[in-house]
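> With the sequence up front, the predicted model follows.
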Amino acid sequence: MTTLTAKKTQELVRRRDGALSTPTDLKAAATRDVAAALNGMLADTFALYLKTKNFHWHMSGPHFRDYHLLLDEQAGQLFAMTDPLAERVRKLGGLTIRSIGHIARTQRLADNDADYVEPSDMLAELGDDNKTFAAKLRQAHNVCDEHGDVASASLIEVWLDETERRLWFLFESNRREDSSGR
């Protein structure tokens, strides 16, 4: 075997047996910190997606159709975030969520496994979760800013706007009419 062939073989073996890594100009600390922030967001996105679908599936009452459709739309928006989040972590050279168990260990939003939840309580709980989610997005944005990761920060800005819209719709859908006719 020639020296060149031997070197190529060693390089192929090293790549095959090495950890998953993607070249990036960000420092190792940036990759670690941003990947951790984005993985936290990814776990929370899956948790909020599943809770939103849970409430969508179990909606009842006189506003069933409107709420059912609203929650389906919001769940779709959340699910659409998952792949870009995970791929962003990989683009940075990080590792991402690998299982439902990993999500459960990483998520910061609480599940709701109750057999029955009043529709107004569903909307209020999702509103609170989206408010918390927005705060977590801002925290992740700060981590990206700290490390100069403009691309991740840019994605987060769009998701923050979408989250604030979800929160707004949930709030307005759950308002009670008062004596002034509002």
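Structure's in. What do you need? Remember, predicted model here, so these are calculated numbers, not experimental data.

> Mind naming the longest helix for the protein?
helix 28-57 (DSSP state H).

> Show the average pLDDT along the next helix or strand after it.
Downstream of helix 28-57, the first helix or strand assigned by DSSP states H and E is helix 64-91. Averaging pLDDT along helix 64-91 yields 97.

> name the helices or strands packed onto helix 64-91?
helix 28-57, helix 119-146, helix 150-173 (3 or more Cβ pairs under 8 Å, 6 or more residues apart in numbering; DSSP states H and E). Heads up, the C-betas are built off the backbone N, CA and C, glycines and all.

> So for it, what gets flagged as buried?
Neighbour counts over helix 64-91 (16 or more other Cβ atoms under 10 Å) mark 67-68, 70-71, 74-75, 77-78, 81-82, 84-86, 88-89 as buried.

> Tell me which helix or strand comes right after it.
Next helix or strand after helix 64-91 toward the C-terminus (DSSP H and E): helix 100-106.

> counting contacts, what elements does that next one pack onto?
helix 28-57.

> what helices or strands is the helix it packs on leaning on?
Using 3+ Cβ pairs under 8 Å, 6+ apart as the test, helix 28-57 ends up in contact with helix 64-91, helix 100-106, helix 119-146, helix 150-173.
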